[in-house]
Structure formats: C-alpha cells, structure tokens
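Engineer: sequence and predicted structure, then a few things I'm wondering about:
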Amino acid sequence: MKLHELRDNEGATKKRMRVGRGPGSGKGKTAGRGIKGQKSRSGVAIKGYEGGQMPLYQRLPKRGFNKPNRKSFAVVNLGLIAKFIDEGKIDAKSEITEDVLVASGLVRRKKDGIRLLAKGDFSTKASFNVTGASKGAIEAVEKAGGSVTVATAVAPE
C-alpha cells in the first residue's frame, strides 16, 4: 500500500447536498425551506423568540443569588512564587507585597487583593503581606521559616 492509494472505507463519507440546483436534484427551487415566511428568507436569527409568547428561559424559575458587590481576588500559587524567586524576578529577602507581585509580572492586576494558595513546593524563607491566604499556604510558608501577614479589609461604616 502506498500513500496515494489510501481511501476512506466505503460509505464512510457522504456527499453534501447542494440545495437550490433545479428540480432534478430533489432539493431545487425552495431548497427545503418551504414557501414564504421568515425562515425561508436569508439573514434570519430567531433564537429564543416564541412569537410574542413569554420565552421558556424567562418562564423558568431563577435559582440562587448573585452578590452584586462580591470581591474578586487575583490568586497566586506558592509554586509559581518559588519559581520567580529562583529566577531572580522576586527578592525573597525583602517583604513580598502585592505591589512586588504585580511589578514582577506574576500577577497582571491586584483586583480586590491578592490571595495566596498552597499549590506547589515552597522552601524559601520569605515574608508576605497579602489580602488573603489559604490555611495550607500559611502553613507552607511558616514551615519554610517565613511569615504571612493577611491584611483584613475594614468595612466602611
């Protein structure tokens, strides 16, 4: 067998129907769209419209609650921070703040704060000052001889 002799199995592929090509094709004239009406025209996008009846997605009950003022944190894994320290992009001797993480390029923007997560290995002694941290991340940093200061945001009264 040669490369130019390769073929699909018999019946594996099917010719596409070319519509609107005369009465002999079986899909000529109206091309299977019927006669007149919105769906027979080109450029029609009906989607969820039900002829003025209340659409199904609006009739169904809504569930849950979306907090309009919820906080969104940028998350950083300890493994990535360790990698950046090894590459010399972050100085472990000075305190690692949120501004340092943004300046190093590890985090694009602070959002409502930066949160440390424990994924990855961390063995460098370093002190962190961040908005949030998981219990595992705090344990991992303290085990390596460092410290984590979590800034608690005071709610305005």
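Structural biologist: Happy to help now that I have it.
Engineer: K83 falls within a helix, correct?
Structural biologist: Yes - according to DSSP: H, G, I helix; E, B strand; the rest coil, K83 belongs to a helix.
Engineer: who are the neighbours in contact with it?
Structural biologist: K83 sits next to no residue when contact means Cβ atoms under 8 Å, 6 or more residues apart in numbering. Quick note: C-beta positions are derived from backbone N, CA and C, even for glycine.
Engineer: ok, now R108?
Structural biologist: With contact taken as Cβ under 8 Å, 6+ apart, R108 is in contact with 74, 102.
Engineer: quick one: which helix or strand includes it?
Structural biologist: Counting by DSSP states H and E, there is no helix or strand that carries R108.
Engineer: number the residues from 39 up from this point.
Structural biologist: Will do, 39 is the new start, and the previous item becomes R146.
Engineer: could you measure from it over to T187?
Structural biologist: Using Cβ to Cβ, to the nearest Å, one obtains 23 Å as the distance from R146 to T187.
Engineer: likewise F166?
Structural biologist: 7 Å.
Engineer: next one: K65
Structural biologist: Distance from K65 to T187, by Cβ to Cβ: 72 Å.
Engineer: comparing these two, which residue is more hemmed in?
Structural biologist: Neighbours were counted for K65 and for T187 using other Cβ atoms under 10 Å; K65 has more, 15 against 11.
Engineer: was I right to think the more buried one contacts G58?
Structural biologist: Yes - using Cβ atoms under 8 Å, K65 is in contact with G58, at 7.1 Å.
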